[in-house]
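J.: with the input below, show me the fold.
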Amino acid sequence: MTDTATIEEAAANVDQSRKEAYFTAGQGQLIWTRFKKQRAAMAGAAVLVILILSGMFASFLTPYDPTIEGRNPDYQNGAPNIPKFWDENGFSFRPFIYSYERTRSIETNFRWVTKINRDKRRYVVLFPEGDKYTLLGMTFTTHLFGVDEGKIHLFGTDGTGKDIFSRTFHSINTSLAVGTIGVLIAFVMALIIGGISGYYGGWVDSILQMVTDAVRTVPAIPLFMAIAAFIPDTVSSEGRFFIISLILGFIGWPTLARRVRTHLLTERNQEYVLAAQLCGASSGHIIGRHLLPSFTSYIIVDLIISFPYMVLSETALSFIGLGLKEPVNSLGVMLQNVTKADVLLNYQWNFIPVIFFITLVLAFVFVGDGLRDAADPYSDTKK
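T.: Numbering: from 1, shown residues only. Below is the predicted model:
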C-alpha cells in the first residue's frame, strides 16, 4: 500500500508541475507546445528547413556552376544519370554511371540520341574539386560529389547543357530570397500604415484606407507588363532581381495592414493604453511597445503565410516572362522550359523542378496552417 501511495503521490506531483509550467509559460512556449502536436505542420517544417538549407548551401551540394559557363555542351537535353551499384558486369561497392556518346541524325529528326557504353564505368566520388563558388564570404572549389571522369547529371540537362540538379537548388535559394525581401518590405509597410490607421482613426484612417484600397485594386499582371516594358535590357540580373522584390513588397502589404488596423481599433481604448497615455508616452511608443506586441503571434503567422504567395508570385511572373530572366536561376525561370511541346514529349526530366516547387509551397502552407492553429488561444477548446 505504501508503494502504491508513493507512486500516486509522485504522479500527482508531476501532473501539478505540468499544470504550473503550462500556466506560467510564455506566449512563445505555448505556441510551440501546440505546434508540436500537429504532425503535418512538423513534417512541413522539417521539409522547409531541408529545402532552405539546400538552397543556402546549393553551391557546395551541387557539382557544377548553374550558369551558362557551367554547361555541358556535349550533353544537351541529356537524360538523368542514375548511379548504380550493380549490372550484368557485376557488383561494385562504389556507385557508378555509364559513359555515353551523343549523336544527331536525320532518322531522329535531328534530336539528340544517347548511346550508352555499358562496359565503361565512371565512378561517383565525394568532395571533388570543381567550379569556384563563394559561400559565407569565402571562395571554395570543393563540392559534395562528382565523378572521376567527365560529368554527372542526376536530373539531366536542359537544351543548353546546363545541369538541372544544380539549377534547381540554386533556384530555390533565389526564389526564397525574392520572397524574403518582398515579405519584409510588405511587413514593415503593413505595420506602419495599419498601426497609424488603427491608432488614430478618424480622417487619418479614412485617407490611409483609401490608399490601401487603391493598392489592392491594382492588377498585378498589367502592372508588371508595364514595368517590364520600361525596364531596359541593359539592366543587370541583380538590378532586375531587386526591382521584382521591391514591387512584390509594395503590392503585398494591404491585407496585413487591414488586420493590424482592425486589431488596433479594438485595443486602443483599453485601460493599459490609457495608462500609457497618462504617463506621457508618445503615440509611436504606445503602438510599438504596447499595441503591436499584444498580437505578435498573429503577425508572425501572417508573415509565414505570406511567403508562399510571394514565391508563387515570383514564379508566375517569371514563368510568363515578366519577372526574372536568364541567366538568373529561379523556379519561375526554370518552369519556362516546360511550356514547349518538344520538352513535354521528349525531355520530361525538365519537369523535376516542378516537384520541388510544389513541395516548397506545400511545406509553407502546412507550417502556416499549423502556426495559425497554435497561435489561436481557443484552439484546444475547439477540438
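
J.: how is this protein divided into domains?
T.: 74-161, 166-375 (automatic domain parsing).

J.: I'd like the ones you listed as CSV, with distance to residue 59 appended.
T.: For every residue, glycine as well, the C-beta is placed using N, CA and C. As requested, the domains of the chain are exported to CSV (distance: least, C-beta to C-beta, whole Å):
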stretch, distance to residue 59
domain 74-161, 4
domain 166-375, 8
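
J.: out of those, which comes closest to residue 41?
T.: domain 166-375 (2.3 Å; C-beta to C-beta).

J.: quick one, phi psi at residue 129?
T.: phi -90, psi 140 (degrees, to the nearest 10).

J.: the helices in the stretch 101-250 of the chain, which residues?
T.: Using DSSP state H, counting those that start in this stretch, the helices of the stretch 101-250 of the chain run over 164-200, 202-216, 220-230, 237-250.

J.: pick the most deeply packed of these.
T.: Of all these, helix 164-200 has the most neighbours on average by mean count of other C-beta atoms under 10 Å, namely a mean of 22.

J.: between the helices of the stretch 101-250 of the chain, which gets nearest to residue 46?
T.: helix 164-200 (15.7 Å).

J.: could I get the helices of the stretch 101-250 of the chain as TSV with mean pLDDT and distance to residue 78?
T.: Compiled in TSV, the helices of the stretch 101-250 of the chain are given as follows (pLDDT from 0 to 100; distance: least, C-beta to C-beta, whole Å):
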stretch	mean pLDDT	distance to residue 78
helix 164-200	90	9
helix 202-216	91	46
helix 220-230	79	32
helix 237-250	81	26
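
J.: what's the closest of the ones you listed to residue 70?
T.: Per C-beta to C-beta, nearest to residue 70 of these: helix 164-200, 7.0 Å.

J.: do you have the strands of this structure handy? List them.
T.: With DSSP state E applied, the chain shows strands at 84-87, 90-103, 113-126, 129-135, 138-142, 145-147, listed in chain order.

J.: next up, the contacts around residue 156.
T.: Residue 156 makes contacts with 77, 78, 79, 80, 81, 164, 347, 349, 350, 352, as judged by C-beta atoms under 8 Å, 6 or more residues apart in numbering.

J.: take the residues you listed and keep only those in helices.
T.: 164, 352 (DSSP state H).

J.: rewinding a little: so which of the domains of the chain is the most surrounded?
T.: Counting by mean count of other C-beta under 10 Å, the most buried of those turns out to be domain 166-375, with a mean of 18.

J.: for residue 84, which non-adjacent residue is spatially closest?
T.: Of all residues not flanking residue 84 in the chain, residue 96 sits nearest, at 6.1 Å (C-beta to C-beta, 6 or more residues apart in numbering).

J.: likewise for residue 351?
T.: residue 338 (5.6 Å).

J.: so how far is residue 39 from that neighbour?
T.: 32 Å (C-beta to C-beta, to the nearest Å).

J.: hang on, the earlier thing: contact partners for the residue nearest to residue 84?
T.: Residue 96 sits next to 83, 84, 85, 121, 122, 123, 124 when contact means C-beta under 8 Å, 6+ apart.

J.: if you set the cut-off to 7 Å instead, what comes out?
T.: By C-beta atoms under 7 Å, 6 or more residues apart in numbering, residue 96 lies in contact with 83, 84, 121, 122, 123, 124.

J.: output those residues as a markdown table; include the columns distance to residue 222 and pLDDT.
T.: As requested, those are arranged in a markdown table below (distance: C-beta to C-beta, whole Å; pLDDT from 0 to 100):
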| residue | distance to residue 222 | pLDDT |
| --- | --- | --- |
| 83 | 48 | 93 |
| 84 | 51 | 92 |
| 121 | 55 | 90 |
| 122 | 51 | 92 |
| 123 | 54 | 94 |
| 124 | 49 | 94 |
